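Trainee: Just need the structure, nothing else, for what follows:
(one chain, ligands or ions: 1)
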Amino acid sequence: MLNAAILGLGWWGRTIVTTMQTSDALRVVAGIDPAPHAALACAELGIRHLPDFASALADPSIDTIILCTPHTQHAAQIQLAAASGKHVFCEKPLCLNLADAQASVAACNAHGVMLGVGHERRFEPAIADLRAIIAEGGLGTLLQMEANFSQDKFLSLPRDNWRLNPVEAPAGPMTATGIHLLDLAVSFLGNADRALVHVAQLGSDLTNGDTLAAMIRFKSGANALLTAILATPFDGRLAFYGSQGWAEIRDKTHPEAPEGWTMTIVERGKDRVVRDYPPTSSVRANLESFASQALGRGTYLMPQDQMLANIAALEAVFKSAASGEIVQVAAT
Ligand SMILES: NC(=O)c1ccc[n+]([C@@H]2O[C@H](COP(=O)([O-])OP(=O)(O)OC[C@H]3O[C@@H](n4cnc5c(N)ncnc54)[C@H](O)[C@@H]3O)[C@@H](O)[C@H]2O)c1
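Mentor: Got it, this is the predicted structure:
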């Protein structure tokens, strides 16, 4: 069992604490947040309140740090935790640029600690099933991915909230939801080659942009067409088209409170198959897989080369959104 301290007790930090309350693999035992609500939040969640990050790093009963903090803080916090010999689970995006991601991965490796990232969509059962179908050649050669991850939760945030700030969240919806799709694209299609991205403010007063369309070309030649919108109700949809067939997954709800998924599979010459998947917590599955490898009992489903490939592509997305130009993805 890993004992974790969580840095950041906002929306997602609290979601993780409650999600892990009955886990035998990882339990959040302490919380840190400079906000005035922190002590009360810890009391409500049944965890210890620590005054600052240094207290958690110095506490030998804590072996893992979970980061649910604003994005610009992730790199420094990962490296501090690693230097203190703590495993680190960092919420997405791992970092906002490739150099920071490389330094963070290197710090974890140098100190022999495990690094995990909050890309729970990899752990959804429909995605796992799709991965097996593709690995068995069911769709043939992968030609194209098309995916959308939209939600309107940010419409209720105060307009000075960090998640609406272009420094913390470049390219509008990209760091909120688009990054999950990019992670899945990298996990299925490999390293990205170039990106062309358009972000606009079309349906809200979110001046950082509410509508994103990204076309990513991969080194394999396949395309990913990724879209993310912050001004429309929740939608989650992902399809892969291949030379022998296609498959589409539709999410019934946001991963915060999963209600299940539906996958449609069409293989050439066969009847259309529709599979329904009951709800399960992919957030918990991700943290438990991370804990298993940290405890020497399994292999985490997110290799470090894919963590870096995702952030290299993310950096190209930011640059293309800002310039309107096609941007080459840096080699990792
Ligand atoms: N995996 C997912 O599906 C998912 C969903 C939502 C958010 N997230 C990620 O979780 C992270 C947090 O997002 P959120 O929506 O919870 O934001 P939030 O604003 O609700 O919470 C962030 C909290 O961090 C605290 N904080 C800021 N600086 C801190 C520091 N130095 N030390 C300790 N606490 C600090 C703030 O006071 C705030 O309470 C982000 O990386 C975000 O992208 C992931």
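Trainee: residues from the protein in reach of the ligand?
Mentor: 7-13, 32-35, 53, 68-71, 73, 91-92, 118, 120, 175, 255 (C-beta under 6 Å from any ligand atom). (Each C-beta comes from the backbone N, C-alpha and C, glycine too.)
Trainee: Give me the subset of these that lies in helices.
Mentor: Within those, residues falling in helices by DSSP state H are 11-13, 53.
Trainee: Out of these, grab the one that's most surrounded.
Mentor: Of all these, Gly13 has the most neighbours under the rule other C-beta atoms under 10 Å, reaching 23 neighbours.
Trainee: Could I get the pLDDT score of that one?
Mentor: Per-residue pLDDT puts Gly13 at 98.
Trainee: Relative to its centre, which residue of this structure is most distant?
Mentor: The outermost residue of the chain relative to its centre, with distances by C-alpha atoms, centre = their mean, is Gly269 at 35.8 Å.
Trainee: ok, whichever residue of the stretch 201-332 of the chain sits closest to the ligand - contacts?
Mentor: Relative to the ligand, the nearest point of the stretch 201-332 of the chain is Pro255 (5.3 Å; C-beta to the nearest ligand atom). Neighbouring residues of Pro255 by C-beta atoms under 8 Å, 6 or more residues apart in numbering: 120-121, 124, 282-283.
Trainee: and it, how far is that from Thr19?
Mentor: For Pro255, the distance to Thr19 equals 10 Å [C-beta to C-beta, to the nearest Å].
Trainee: go on, Cys95?
Mentor: 24 Å.
Trainee: Out of those two, name the residue with the larger neighbour count.
Mentor: Neighbour count, other C-beta under 10 Å: between Cys95 and Thr19, Cys95 has more, with 27 against 19.
Trainee: give me phi/psi at that one?
Mentor: Backbone torsions of Cys95, given as degrees, to the nearest 10, read phi -150, psi 170.
Trainee: and the nearest residue to it once chain neighbours are set aside, how many residues sit next to it?
Mentor: The shortest distance from Cys95 to any non-neighbouring residue, by C-beta to C-beta, 6 or more residues apart in numbering, is to Ala101 (4.2 Å). By other C-beta under 10 Å, the residues close to Ala101 number 28.
Trainee: Show the contacting residues for Ala101.
Mentor: 75, 94-95, 307-308, 311-312.
Trainee: if you skip the residues just before and after it, what's nearest to the residue in the stretch 1-150 of the chain positioned nearest to the ligand?
Mentor: Among all residues of the stretch 1-150 of the chain, Gly10 sits closest to the ligand, at 1.8 Å; criterion: C-beta to the nearest ligand atom. Distances taken as C-beta to C-beta, 6+ apart place Cys68 nearest to Gly10, at 6.6 Å, with adjacent residues excluded.
Trainee: Flag every buried residue along the longest helix seen in the chain.
Mentor: Counting residues, the longest helix in the chain under DSSP H turns out to be helix 304-323. Of the residues in helix 304-323, those with enough neighbours to count as buried (16 or more other C-beta atoms under 10 Å) are 304, 306-321.
Trainee: ok so, going back, which residues are in contact with each of Pro255 and Thr19?
Mentor: Common neighbours of Pro255 and Thr19 (C-beta under 8 Å, 6+ apart) are Val283.
Trainee: Run the angle between the helix or strand harbouring Ala99 and helix 304-323 for me.
Mentor: If you go by DSSP states H and E, Ala99 is part of helix 98-110. With axes from the mean of the first three to the mean of the last three C-alpha atoms, to 10 degrees as the basis, helix 98-110 and helix 304-323 are set at 160 degrees to each other.
Trainee: For helix 98-110, list the C-alpha coordinates in PDB.
Mentor: Only the C-alpha atoms of helix 98-110 are listed here, as PDB (Å, rounded to 0.1, in the frame of the first residue of the first chain):
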ATOM      1  CA  LEU A  98       9.300  19.100 -23.600                       C
ATOM      2  CA  ALA A  99      12.400  20.400 -21.800                       C
ATOM      3  CA  ASP A 100      10.500  20.400 -18.500                       C
ATOM      4  CA  ALA A 101       9.000  16.900 -19.200                       C
ATOM      5  CA  GLN A 102      12.500  15.500 -20.000                       C
ATOM      6  CA  ALA A 103      13.900  17.100 -16.800                       C
ATOM      7  CA  SER A 104      11.100  15.700 -14.700                       C
ATOM      8  CA  VAL A 105      11.300  12.100 -16.100                       C
ATOM      9  CA  ALA A 106      15.100  12.300 -15.700                       C
ATOM     10  CA  ALA A 107      14.800  13.400 -12.000                       C
ATOM     11  CA  CYS A 108      12.400  10.500 -11.200                       C
ATOM     12  CA  ASN A 109      14.800   8.000 -12.900                       C
ATOM     13  CA  ALA A 110      17.900   9.400 -11.200                       C
END
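Trainee: Show the average pLDDT along that helix.
Mentor: 98.
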